[in-house]
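# Below: sequence and its predicted model.
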Amino acid sequence: MLTNNIKHMNSKVIENGNLEIARMLGWFQQEGQVGPNAWFQTEETGNVIATIHGLRFNSNWNDLMIALAFIEGLGFNTNIHHYYTDTNANQHSVIFNKENKIFFEHTLLNKSVEWNNNNSTKKEVLFLTVFAFASQYNNAEMLKKDLKE
């Protein structure tokens, strides 16, 4: 189980997170195709465009839901909680579990509560949890390939 209290994301975390998530999904770039922000995925019919807007898992709910659907397709359940602690702090927590075992958990504690329509804190903690999952998933996939060769 992985548990973190993370206060803020910086640009390096965002960049690395977006790249790991894209890798987990099997997305890739092709030089000279469409544009610098285009990412592709392979399907039965060949390579198709996954996005022309660049990697935005950290900022776009629709893109983040693609990654979440992939994880849930592997048999994981997702629990997202929002609540106040005894110290009046705003807390968001995301848990990925499978067969009643917690595999990943991220908690983001935010003392200064700001209400907005974006639910940026919820999106942030979900992005960080998906990033952590993607990193582990990608490393496990690389190990499996190395063992086969």
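Arrived safely, thanks for sending. Numbers count the residues shown, from 1 in each chain.

# got the residue ranges for the strands in this structure?
Remark: strands assigned in the chain by DSSP state E are 39-43, 46-51, 77-84, 90-98, 101-110.

# my guess is residue 126 contacts residue 80, does it?
Yes: counting by Cβ atoms under 8 Å, residue 126 does reach residue 80; the two are 6.7 Å apart. From N, CA and C alone the C-beta is placed, and that goes for glycine too.

# Low-confidence ranges, this protein, go.
1-8, 82-92, 102, 104-120, 141-149 (pLDDT under 70).

# any idea how far the nearest residue to residue 130 once chain neighbours are set aside lies from residue 122?
The shortest distance from residue 130 to any non-neighbouring residue, by Cβ to Cβ, 6 or more residues apart in numbering, is to residue 67 (4.9 Å). For residue 67, the distance to residue 122 equals 15 Å [Cβ to Cβ, to the nearest Å].

# One more: residue 99?
As for residue 99, its distance to residue 122 is 26 Å (criterion: Cβ to Cβ).

# Of these two, which one has the most company?
Legend: neighbour count by other Cβ atoms under 10 Å for residue 99 and residue 122, higher for residue 122 (17 against 8).
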